[in-house]
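Q: Below: sequence and its predicted model.
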Amino acid sequence: MSDAILVVDDQDLFRSSLERLLRTVGYDVDTAATGQEAFARIVTRDYSAALLDLKLPDLDGLEIATYLTTERPHCPVIILTGQASVESAVEAVRLGCYDYITKGRSPEQILQTVRRAVETRTLRRQVAASTNKYRRLAEATWEGIAFFSRERLLEVNRQFCDIFAVDEAQALELSLADFIPGLTVEPRRGDGDGGQGSQSLQVEAIRGNGDLFPAEVRVKRSHENGSPVWVAAIRDLSPQRDEQQARAKLEERLAQAMRMESIGLMAGSVAHDLNNILSGIVTFPQLLLLEMPENSLYRHDIDRIKQAGEKAAEVVADLLTIARGSTCQKQLVSLNDIVEEYESSLDLLEQRRNTPQIGVEIFTDPTLPEIRASSIHLHKSLLNLVRNATEAINGHGTVRVYTTDRFLTDTLQGYEAIPPGHYAVLGVADTGKGIAEEHRPHIFQPFYSRKSMGASGTGLGLTVVMHAMRDHGGYIDLRSTAAGTVFELYFPAGNGRGRGNEATINLDSLLGKGERVLVVDDEENQRMLAAAILKRLGYTPCLAETGEQAIRYLKENPVDLLLLDLLLGQGMNGYETFKEIRAFKPKQRAVVTSGYHNHPDRERIRALGVSRYLPKPLSLTHLAIAIQQEMRTPAGE
C-alpha cells in the first residue's frame, strides 16, 4: 500500500501541481484548501506526512501543525510557505515540525524532503513497535519449569526442553548444573519440614548444542517425602536482548536523522547571509591581486585572505550538502582521471610539504570501468580521505591511494552490506594506529572527531564522503586494525562510453567592451562588489536595489545584460522581476545569482529562458565566463 500524503494549501494551481508531482512517484495524495477541510481529513485517515501552508483562509497553518505534532506524533509535518519569516520558522522548530521550506523549491528537492519525512516516520513507528514488543516479551510467562534435587533433574516441562534444545529423556539424565553452571542451592539452616527459601538471578545458560544464552532463573525451595527439592522457573532472555539491541540501533538511526534535520534548519537559515558575506572576502582579494605586482609587500597576505574565504565557502557548501543531501550533475568519468588530477594538484603538493615524513603512493587499474558521477564530489571525497589518513599517522608512515575493478558475486558484508555487482573501487589505506571499534559506528556522523577541531578540520570530512556515496548510489567498506585503516568506496560501473571535454578559457579573452550591465541586488555591499568586478572586466555597471527600480530603469534605459539576484529583500523577488521584464523586453539577456546553492525559483526562472546561474560567493572568473557566454548567445534563446 502506498504512503498517504496530505497537502493543505489554498492556492488551487500550486496544490494541484504538488498533487500531480507526488502521485507521479506513487504517493496516495489527499488535498485540502482550508483548515476545516484539513481537519476533516486528518480525523478520518492516518497520513505518512503532511505538507502545510502557513496562510489559510480560515486558520493559521501552525494550528494544524500543533494538532498533528501532539495528536498524530508519527505524522511528520512539513511547512511549505511562500511567506517565510524567522518567527514562523522558530515556532515550527518549537512545535517539532520535520522541515520548514519555501515555495518554489525544485520538484526534486520537494520529493527528497517528503521521502526523508516518510522514512523518518517509518523509523519512529519501528521504534515504537519494537518498544511495545519488548514490553510484551518482558511480561510473558512462557517459562521453563524444572523440579530438581541436588543430584539430578526430577521433572521438566515442554518449555524447558524447547529453551535448552533437548528432549525430556535427555534432560532427566542430567542435573540442572549441566544447563546452568555455577548455580548452587543449599539447604537453609533452621528450616523445618515446611520451610521455604527462594532466590532470583540472571545467569549464562547452555543449550544442548553448546550455545550460550542469557537466562533469568527464579528458584524456590520445598520438601518432598522429607527431602529438600527445588523448583526453578527459567526464562530465555535472548529475545529481549536481541530486541533491545535492535531497538538501540533504531533509536541511534532516529537520533541521527533528527541531528541532520537540525543541521538542515540551521544551514538553510544562514547559508544565504554567509555566502553574501563571503563574496567580499573572496572576490575583493581577487581584484586586488590582479592589480598588484608579483613582488608586492602585501600580496602574500591578501592571497591568504582569499584562500581563507574560499575555505569558509567550502564549509558552507559542505553543510548544505550534508543537511539537504543536495544532488549533483553527473556524467561518465574515470576514477583514474580523478586520482591523476589529485596526484598533480596543489592539495597533494601542500600535504607533502607539510608532512614530508608521510609518503603518498598512487596506483591505478588500467582496466577500471567508467562511472556516472560528479568529478567535484569525487575529488572532495578523495581529498577528505587522504587528509583523514594522514592525520591518523603519528610519525613516519605511508598513505596508499588506489583504484581497482571489482566484481562481487555475493553480498559483501563489510562496513555496509554491498550487493553483488560490477564496481569501480577507490581505496585509501594508511599505516596509522587504526580506529577503535567503539568509534567506527560514529565516524561518519557530523562533527564526530577524536582530533582537535581547527587543527584537524571541521569534523565534516567523512560525513561529506558518506553523503557523496549516498548521492552516487555507492557503498563504503572500512577495515581497521592496529596496523592501519583501509577505506574503499564502491561505485556502480557506469553505462556508455566517452565524456565531454571542457574547454579552457583565458581570462583576457573574457573582457567586455563597455557593455551596460544592470546589477539588481537588495544588499549594497553586493551591488558594490558586482560593480567593481564588472568595471575590472571592462563593462559599465548600473545599479538597482529592488525589482521595481530595475523595471522602471529598463523602461527608460536599454542595457545589454541583467545581473539579477533571485532573493530580493522587499517587493518583487528575482523571478517575479524577470517575468515582468520579459513582458516588455522579451529578448532581454540575464545572468542570475543567489546565496542559495539550490534556490527554489531556479527552475522557474530557467523556464523563462535564463540558463546562466551563479551561486554566491561570486567568482570573478566564473562571472566573466557566464557573461561572455550569455552575450554570445542569440537574444531570446
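A: Perfect, thanks for sending it.

Q: Glu370 versus Arg536, what's the distance?
A: Computed with CB to CB, to the nearest Å, the distance linking Arg536 and Glu370 is 40 Å. To be clear about C-beta, it is placed using only N, CA and C from the backbone, and glycine gets the same treatment.

Q: could you pull out the strands for the stretch 451-600 of the chain?
A: 475-481, 484-492, 516-520, 540-544, 561-565, 590-594 (DSSP state E, counting those that start in this stretch).

Q: Would you mind putting those strands into JSON lines with mean neighbour count alongside?
A: As requested, the strands of the stretch 451-600 of the chain are exported to JSON lines (neighbours: other CB atoms under 10 Å):
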{"stretch": "strand 475-481", "mean neighbour count": "17"}
{"stretch": "strand 484-492", "mean neighbour count": "22"}
{"stretch": "strand 516-520", "mean neighbour count": "24"}
{"stretch": "strand 540-544", "mean neighbour count": "19"}
{"stretch": "strand 561-565", "mean neighbour count": "26"}
{"stretch": "strand 590-594", "mean neighbour count": "24"}
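
Q: between those, which one is nearest to Glu155?
A: Of all those, it is strand 475-481 that lies closest to Glu155, at 51.7 Å by CB to CB.

Q: which neighbours does that closest one have in its sheet, and in what orientation?
A: Strand 475-481 has the following strand partners under DSSP bridges: strand 484-492 (antiparallel).

Q: Only the C-alpha atoms, please, for the strand it pairs with, written as CSV.
A: Taking Å, rounded to 0.1, in the frame of the first residue of the first chain, the C-alpha atoms of strand 484-492 are listed here in CSV:
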residue,chain,number,x,y,z
GLY,A,484,46.3,0.8,9.8
THR,A,485,42.9,1.5,8.2
VAL,A,486,41.5,1.0,4.7
PHE,A,487,38.6,2.9,3.3
GLU,A,488,37.1,1.6,0.0
LEU,A,489,34.4,3.4,-2.0
TYR,A,490,32.3,1.2,-4.2
PHE,A,491,30.8,2.9,-7.3
PRO,A,492,28.5,1.0,-9.6
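
Q: List the contacts of it.
A: 335, 371, 373, 381, 385, 388-389, 392, 406, 414, 418, 421-435, 465, 469, 472-480 (CB atoms under 8 Å, 6 or more residues apart in numbering).

Q: And those, which of them are buried?
A: Buried by 16 or more other CB atoms under 10 Å: 335, 371, 373, 381, 385, 388-389, 392, 406, 418, 423-435, 465, 469, 472, 474-478, 480, out of these.

Q: Among the residues you listed, which are located in strands?
A: Per DSSP state E, strands hold the following members of those: 371, 373, 406, 418, 423-430, 475-478, 480.

Q: Show me where this protein dips below the pLDDT cut-off.
A: Scanning the chain for pLDDT under 70 picks out 1, 131, 133-141, 186-199, 256-276, 314-329, 446-460, 495-507, 595-600, 635-637.

Q: Kindly report the domain assignment for it.
A: The chain breaks down into these domains under automatic domain parsing: 4-137, 144-236, 246-325, 327-502, 507-632.

Q: Any idea what the nearest residue to Tyr553 once chain neighbours are set aside is bridged to?
A: Spatially, and ignoring its direct neighbours in sequence, Tyr553 is nearest to Ala544 (5.7 Å; CB to CB, 6 or more residues apart in numbering). Ala544 has these beta-bridge partners by DSSP bridges: Val520.

Q: and Ala544, how far is that from Gly309?
A: As judged by CB to CB, Ala544 and Gly309 stand 26 Å apart.

Q: And Ala146, by the same measure?
A: Here the criterion is CB to CB. By it, Ala146 lies 75 Å from Gly309.

Q: What of Ser334?
A: 32 Å.

Q: One more: Ala389?
A: 27 Å.

Q: Then Met469?
A: If you measure Met469 against Gly309 using CB to CB, the figure is 28 Å.

Q: what's next to stretch 422-429, contact-wise?
A: 335, 338-339, 368-371, 378, 381-382, 385-386, 388-389, 399-408, 474, 484-493.

Q: In CSV, please show the C-alpha coordinates belonging to it.
A: Included here for stretch 422-429 are C-alpha records, laid out as CSV according to Å, rounded to 0.1, in the frame of the first residue of the first chain:
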residue,chain,number,x,y,z
HIS,A,422,30.3,-4.7,-11.0
TYR,A,423,32.1,-1.9,-9.2
ALA,A,424,34.8,0.6,-9.7
VAL,A,425,36.6,0.9,-6.3
LEU,A,426,38.5,3.9,-5.0
GLY,A,427,40.7,2.9,-2.0
VAL,A,428,42.7,4.9,0.6
ALA,A,429,44.9,2.9,3.1
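
Q: So Arg536 and Glu370 - more neighbours on which side?
A: Higher neighbour count among Arg536 and Glu370: Glu370, with 21 against 17, using other CB atoms under 10 Å.

Q: Look up phi and psi at the more buried one.
A: phi -80, psi 160 (degrees, to the nearest 10).

Q: Gln331 is in contact with that one, correct?
A: No: the pair Glu370 / Gln331 is not scored as a contact, 9.5 Å apart, by CB atoms under 8 Å.

Q: separation between the closest residue to Thr184 other than its chain neighbours and Val401?
A: Excluding its sequence neighbours, the residue lying closest to Thr184 (CB to CB, 6+ apart) is Ala177, at 7.9 Å. To Val401, Ala177 is 58 Å away according to CB to CB.

Q: more neighbours, these two?
A: Val401 (21 against 16).

Q: what ranges do the strands span in the stretch 101-250 of the chain?
A: With strands called from DSSP E, counting those that start in this stretch, the stretch 101-250 of the chain shows them at 144-148, 153-156, 198-206, 212-224, 227-236.

Q: Report the beta-bridge partners for Asp477.
A: Here Asp477 sits in beta bridges with Glu488, going by DSSP bridges.

Q: Next one: it from Thr364, what distance?
A: In terms of CB to CB, Asp477 sits 19 Å off from Thr364.

Q: just Gln549 next, same as before
A: Going from Gln549 to Thr364 by CB to CB gives 55 Å.

Q: So between these two, which is more surrounded?
A: Thr364 (19 against 15).

Q: OK, contacts around that one?
A: Per CB under 8 Å, 6+ apart, neighbours of Thr364: 335-336, 339-340, 402-403.

Q: Pro73 belongs to a strand, doesn't it?
A: No: read with DSSP: H, G, I helix; E, B strand; the rest coil, Pro73 is coil and lies in no strand.

Q: what's around it, how many residues?
A: Counted with other CB under 10 Å, Pro73 comes out at 13.

Q: For it, grab phi and psi.
A: Note on Pro73: backbone dihedrals following degrees, to the nearest 10 are phi -60, psi -20.

Q: where do the strands sit along the stretch 251-400 of the chain?
A: Secondary structure of the stretch 251-400 of the chain (DSSP E, counting those that start in this stretch): strands at 331-333, 358-363, 371-373, 397-408.

Q: The second one pairs with which strands?
A: Within its sheet, strand 358-363 is paired with strand 397-408 (parallel), according to DSSP bridges.

Q: how far out from the middle of the chain is the partner strand?
A: Remark: strand 397-408 is offset 26 Å from the chain centroid, using CA atoms, centre = their mean, to the nearest Å.

Q: Contacts for the next helix or strand after it, please.
A: Going down the chain from strand 397-408, the next helix or strand is strand 412-413, by DSSP states H and E. Applying CB under 8 Å, 6+ apart, the set of residues contacting strand 412-413 from outside is 418, 477.

Q: Tell me how many other residues crowd the closest residue to Lys306 other than its chain neighbours.
A: Of all residues not flanking Lys306 in the chain, Pro285 sits nearest, at 3.7 Å (CB to CB, 6+ apart). Neighbour count of Pro285, defined by other CB under 10 Å: 22.
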